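Peer 1: Structure for this input, please:
(chains A and B)
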2 protein chains.
Amino acid sequence: MGHTYPGATVPFGSVQLSPETDTISYELNGKYNGDVYKYCAGYRYEDKTITGFSHTHFSGTGHSDLGDFLIMPTVGPLKLNPGTATHPEKGYRSRFSHEDETAEAGYYKVKLQDYNILAELTATTRVGAHRYTFPKSDQAHIILDLMAGIYNYDDKNVWTYVRVADNQTITGYRQTNGWARTRTVYFAMKFSKPFKSYGQKNYDGKRVYNGFWRKFDQTKNFPEIAGKQIRMYFDFNTEENEAIEIQMAISPVSQENALENLNKEIGQLSFDQIKAKAQEDWDEELSKIVIKGTEDQKINFYTAMYHTFINPTIYMDVNGEYKGLDQNTHQAKDFTNYTTFSLWDTYRALHPYFNIIQPKRNNDMVKSMLAHYDQSSLKMLPIWSHYANENWCMSGYHSVSVVADAIIKGNYTGDAKAALMACVATANKRNYEGIGDYIDKGYIPVEKNGTSVSNTLEYAYDDWAIAQLAKHLGETEIYNQFIKRSENWKNNFDKTIGFMRPRLADGSFKKDFDILSTHGQGFIEGNSWNYSFFVPHNPDGLIQHMGGKKKFASKLDKLFSMHLPDEFFADTEDITREGIIGGYVHGNEPAHHVAYFYNWAGEAWKTQKQVRHILEMQYKSTPDGLGGNDDTGQMSAWYILSSLGFYPVAPGSEDYAIGSPAVENAVLHLENGKNFEIEAVNQKPENVYVEKILLNGKEIKNFTLKHSEIMNGGKITFYMSNKPKK
Amino acid sequence: MGHTYPGATVPFGSVQLSPETDTISYELNGKYNGDVYKYCAGYRYEDKTITGFSHTHFSGTGHSDLGDFLIMPTVGPLKLNPGTATHPEKGYRSRFSHEDETAEAGYYKVKLQDYNILAELTATTRVGAHRYTFPKSDQAHIILDLMAGIYNYDDKNVWTYVRVADNQTITGYRQTNGWARTRTVYFAMKFSKPFKSYGQKNYDGKRVYNGFWRKFDQTKNFPEIAGKQIRMYFDFNTEENEAIEIQMAISPVSQENALENLNKEIGQLSFDQIKAKAQEDWDEELSKIVIKGTEDQKINFYTAMYHTFINPTIYMDVNGEYKGLDQNTHQAKDFTNYTTFSLWDTYRALHPYFNIIQPKRNNDMVKSMLAHYDQSSLKMLPIWSHYANENWCMSGYHSVSVVADAIIKGNYTGDAKAALMACVATANKRNYEGIGDYIDKGYIPVEKNGTSVSNTLEYAYDDWAIAQLAKHLGETEIYNQFIKRSENWKNNFDKTIGFMRPRLADGSFKKDFDILSTHGQGFIEGNSWNYSFFVPHNPDGLIQHMGGKKKFASKLDKLFSMHLPDEFFADTEDITREGIIGGYVHGNEPAHHVAYFYNWAGEAWKTQKQVRHILEMQYKSTPDGLGGNDDTGQMSAWYILSSLGFYPVAPGSEDYAIGSPAVENAVLHLENGKNFEIEAVNQKPENVYVEKILLNGKEIKNFTLKHSEIMNGGKITFYMSNKPKK
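Peer 2: Residues are numbered from 1 along each chain as shown, chains lettered A, B, ... in the order given. Below is the predicted model:
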């Protein structure tokens, strides 16, 4: 359920070249199949066949799209349909075994059993590189399936255009109406060897070409191809062990830009050189944190780190052009444009983590979000955006948190005032998701909005982040307005039961209500038990509402120890049974900060214990190692920060809550040239408790580490113990 | 059947803003309707209702496309469907009367009876300007129907995107798969007055937006719109006689370019100023030839001239960018890019006429054709191309004639050698329309190609044009090769019957064959009677094959006097009964040069008589004044040149065959600053015969006028008589 993929990509690369194991068959019946959820990343470890290798993939999402430009090498009689999992021999797909499969950062390799072809993949930022080692054959084919895709139902493919420029070069584009409503990906593709012939079949059920007469045979060797549903093939003769390399560049803007991306990023590089470069890039990025720990910890830690450096992805050509939300081509000035912002997830830990370890990229991401705002007719910052589209997924307007956190932490080089105004405009979009009612009433009536409680709570936090930014910029009036709005969480808190509870327009609380249920009563990806703790910006206020520290702590205890009945578990989204601890749902995000709340209740040792427990339970170095979707890196960012001993409970604050480091030692090599070292003395699996914390020799007593204290460099030393320090 | 439209355009303008009278209803049943042919130009004089005003139209074609961005003003309850011709009240269309309708060059006006709205249209090159004068209403609407279009069947609409930038400005694009397979038109639209509200309805039968949840009401005042089948509306309050102006710019490249086109071409101009400018432009172009003649002649002549200055159309933004056949954006260097090349028609008289009266534009058109060649993966010059697409319509490869004629006449400023090589490459595309067989056997076997005889004959002429160009450039080898190919017409000539006749692969002539039938035996838009004279480049050779001058002339006599039985008339395409004279089909093109053939038979007086007869019979100043499609100006160019007394029988030659001028006097104001005057002494309707011709005082005896003799300026004097000079 991690929804990560094993294929080849470089850090934050535009191309994610990875095997598909079955998504393609879903478009055969033309209807939405619930299983599409399973195939968010295109690859399922339990599948036995590979349909091909496509160039774009989300990492860890709970909703799907992409899967562009599927390439499959075959030998023997040409088959242009993908076949099925149960009858792979009926189509071009091939069986494979995990024993013949290797996945490294920037490199993937698998033997395609049906064809005795060794498939290898690597990538640059904008180019996917393939190497297929064939047996001897006079019927070797490379299939380019332009029908294939992820989320491939309901008429997703809008249009496809292909131009065969010469017998080694193809350019074109593919336009889809998937999760992204209006998405076009351009490509340029080069073969290392001329094909001897090629062809295409159109599956539109209509004429492929509107010529008044069919003057050519347009199915064979005809170089100008267009239609909705097209599959192409290229024929070769191969010698035993002959490798054919393919490089496919993508562009958000044009075929010409794709070609330029190809030429600039690849030039004369061989597959092995591209692979070496990809792995160097990964080494450089991954060595920004050097840890000491067990082998298993290292695997988990660097796997997590790998997953945090995939999304958001670069969405810009080498010449600086990209497609904007307004569907115009823009030239990025002084920044690199990024896309794939799963902000409901990533504002929590991933972007704060970037503010430590990738501040330059995070600056660019914030600039990309502000560019989105400028291009938006609605004048809103992104909610969940990808590929020049807004898909409006999930609650809140968490861009504001990312913007505020980056500016407050000094990582934004753009116009901070303009950024604040974009946050304010977004938060004041009255006709979006109950914001009008939220402003007027201080909460969103449950009858008016499906996620009324989640929205109110998340808006309140987001408003607090806006207030912090306003304070930082000396905008007192905005501060006053938004700090007041940040208290709106109180309006959904039912003191009589001590939980967050949906409220009706008349002001009364909803009668028919279950604190364990997620759906149908104003929550999303979390029930009231989890969301009742969603006041990250004001734990003290929440503690007061919940009856003081003692009651608060025992409520937390109950959360982590209760049993969630099956009926309510079925209600949760995007997680497995392993993704929960008691009633605490780690596989979803709303409670990600909750383990750290014990600190405020004066029971920090419980934070320490729970954090270590979660780290151990929820992250495993196995194919099913994640208890829920990785959520474009948020789950992994939680792992990394918590392993290092601290967590940003309320992004927008400079404070990190201290937990319990899992590593023995870690050195953060910061972009400012300084190093920050984490040392855990007496680190052992059972020594989950922290006895003493020294920052550069000075004791920390409030379980709080400041951002500046990290960025200034130095050393934090944890003295670990198997006994809680009460 | 002229398939011209009454709306507003400027000379060679990108925008042709014109009323639609019923095409829109055809998409309601979703199926191809044969009547779509009738609506090539969007407007039928006999229709009683107008569905709206759209921005792009072909003039005079026999196949349809375009009809982009239909705008309709209404008052009263909003109706978003167009209604039907029989029940206009059920939709937004309106009844109208020709009494309330005015069409001028660059201006169109009509009263929309159902709404008491006066609609006025004018244009610049890239902008359509609307002025709608409303009654008082608090329910005034402007409908923007993005579903509507011409040739609107079989899933034509691929995608539509609209962005409401502010309450007066809209941008977007529309992508279609019509006659042009892959066509995108971008737009930018400005209202003179802010709309009070707006909305849209999507007719896709699927979700308009793929948002995970529907967070906004996307049908009202939602500014980011996309889908396949969309209709929008904009609401206003209007005072009595309040005019709302709309300006809509189009671009082949981007929304930004459309906006730039709008700003550069319109700026602060009012509707009246735009109209005045459009009419000045027309005056300037139309005064390039000043004639004396009857009022009816003037109407016919300037109507014809107007129709010759519509197509090809400018296809390039004010910044010089245009979309190429390769679907990339190109920057035009040193030329204006044109599109809509109906070359089978227009190589005959329209482009030769441009070489006299529009040489600069014709140079640009040839450059546009060579750009098409460069962008073509196939490496072919255009056959019938429009909007960055090739639709492959009709026989031959007549681009080569246009290229050769322009270069030989000194009107091409590009690389002439490269142009020749493009002609040669096109003529050697072996897998196109029987060219391989044509090269190998000297003819195309009828069983292999549907238009085998037409193709062989037209290729032979085209090859002659290539040979002339090669000679002009001193390329002897190419000359020898193509002058030999130009004799291939002989291979389809059956001496035993004296007609062109389809031939089988085994060399024999097809047995089952009718010289009167057009279809199913290798001909297109002309039967063997007409095509048997299709040797424009070698009349003497044809005369010899037909048994000498006398037999040849009497065969021509028979052509013009025979009766074409109904069964065979039904066979002809694109013409009415009025479009034929005997068996001579003027409404189609293959015999356009034939009346001039009497000159070669030593019976020039019959040329004179027939030309004057055709001019009178085939062109009338009435709504049904043309006997066939105007064919993007070819029919009109025939009229103009023949009215002036000469015609280019074989473009690629500098010679014009002299016929009989219909005007009393004409002065051609040439771009080189010189004037060429045509004087017809004793001009009368019955004086159709030419007694004597003086060129600058020197008698012409061979009924031939040279291109240079026109371009050097001077005067040709015809002495007219009612008696043939045998």
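
Peer 1: From now on I want contacts and neighbour counts done on CA atoms only, so please keep to that.
Peer 2: Noted.

Peer 1: Against A:Ala41, how distant is the closest residue to A:His386 other than its chain neighbours?
Peer 2: Leaving aside its chain neighbours, A:His386 sits nearest to A:Thr340 (4.2 Å; criterion: CA to CA, 6 or more residues apart in numbering or on different chains). Separation of A:Thr340 from A:Ala41 (CA to CA, to the nearest Å) stands at 14 Å.

Peer 1: now A:Val667
Peer 2: Taking CA to CA, one finds A:Val667 at 32 Å from A:Ala41.

Peer 1: Which one's more surrounded, the two?
Peer 2: More neighbours surround A:Ala41 than the other of A:Val667 and A:Ala41, with 33 against 20 (other CA atoms under 10 Å in any protein chain shown).

Peer 1: is it true that that one touches A:Gly7?
Peer 2: No: if you go by CA atoms under 8 Å, A:Ala41 and A:Gly7 don't touch, sitting 9.9 Å apart.

Peer 1: count of residues packed around the residue nearest to A:His386?
Peer 2: The number of residues packed near A:Thr340 is 21, by other CA under 10 Å.

Peer 1: can I assume it is in contact with A:Thr313?
Peer 2: Yes: if you go by CA under 8 Å, A:Thr340 and A:Thr313 touch, sitting 6.2 Å apart.

Peer 1: residue contacts, A:Asn672?
Peer 2: A:Met711 (CA atoms under 8 Å, 6 or more residues apart in numbering or on different chains).

Peer 1: what's the pLDDT at it?
Peer 2: pLDDT, A:Asn672: 98.

Peer 1: before we move on, what SS does it have?
Peer 2: Three-state call for A:Asn672 (DSSP: H, G, I helix; E, B strand; the rest coil): coil.

Peer 1: Distance-wise, check it relative to A:Asn696.
Peer 2: 19 Å.

Peer 1: Pull the number of nearby residues for the residue lying closest to A:Phe509 once chain neighbours are set aside.
Peer 2: Ranked by CA to CA, 6+ apart and with sequence neighbours excluded, the top spatial neighbour of A:Phe509 is A:Arg503, at 4.1 Å. Applying other CA under 10 Å, we find 24 other residues in the vicinity of A:Arg503.

Peer 1: Show me the helices in the stretch 601-726 of chain A, by range?
Peer 2: A:604-618, A:634-644, A:707-711 (DSSP state H, counting those that start in this stretch).

Peer 1: Give me the contacts around the shortest one.
Peer 2: This points to helix A:707-711. Against helix A:707-711 from outside (CA under 8 Å, 6+ apart): A:Ile356, A:Lys409, A:Glu654, A:Asp655, A:Tyr656, A:Leu670, A:Asn672, A:Lys674, A:Phe676.

Peer 1: Who are the contact partners of A:Glu664?
Peer 2: By CA under 8 Å, 6+ apart, the contact list for A:Glu664 reads A:Ile291, A:Lys292, A:Gly293, A:Glu679, A:Ala680, A:Val681, A:Gln683.

Peer 1: next one: the least confident helix or strand in chain A by mean pLDDT to chain centre, how far?
Peer 2: Ranking every helix and strand in chain A by mean pLDDT, DSSP states H and E puts helix A:566-569 at the bottom, with a mean of 75. Centre-to-centre, helix A:566-569 and its host chain are 27 Å apart (CA atoms, centre = their mean, to the nearest Å).

Peer 1: Return the set of buried residues in it.
Peer 2: A:Phe568, A:Phe569 (16 or more other CA atoms under 10 Å in any protein chain shown).

Peer 1: can I assume A:Ile250 sits in a helix?
Peer 2: No: counting by three-state DSSP, A:Ile250 falls outside a helix, being strand.

Peer 1: Mind pulling up the pLDDT for A:Leu216?
Peer 2: Wrong residue type there; residue A:216 is Phe, not Leu. Looking at A:Phe216, its pLDDT reads 83.

Peer 1: Can you name the helix or strand that the residue nearest to A:Leu259 when sequence neighbours are not counted falls in?
Peer 2: Leaving aside its sequence neighbours, A:Leu259 sits nearest to A:Ala188 (CA to CA, 6+ apart; 5.2 Å). Per DSSP states H and E, A:Ala188 falls inside strand A:183-191.

Peer 1: Report the distance from that strand to the chain centre.
Peer 2: For strand A:183-191, the distance to the chain centre is 23 Å (CA atoms, centre = their mean).

Peer 1: Flag every buried residue along the next helix or strand after it.
Peer 2: The helix or strand immediately downstream of strand A:183-191 is strand A:197-202, counting by DSSP H and E. Residues of strand A:197-202 classed as buried by neighbour count (16+ other CA under 10 Å): A:Tyr198, A:Gly199, A:Gln200, A:Lys201, A:Asn202.

Peer 1: Kindly report the same for stretch A:132-150.
Peer 2: Judged by neighbour count (16+ other CA under 10 Å), stretch A:132-150 contains these buried residues: A:132-135, A:140-150.

Peer 1: Now do the same contact list for the closest residue to A:His537 other than its chain neighbours.
Peer 2: Leaving out its chain neighbours, the residue that sits closest to A:His537 by CA to CA, 6+ apart is A:Ala650, at 5.3 Å. Contact analysis of A:Ala650 by CA under 8 Å, 6+ apart lists A:Arg348, A:Pro536, A:His537.

Peer 1: Now do the residue lying closest to A:Ala637 once chain neighbours are set aside, the pLDDT please.
Peer 2: Closest residue in space to A:Ala637, ignoring its immediate chain neighbours: A:Leu350 at 5.1 Å, by CA to CA, 6+ apart. For A:Leu350, the model assigns a pLDDT of 98.
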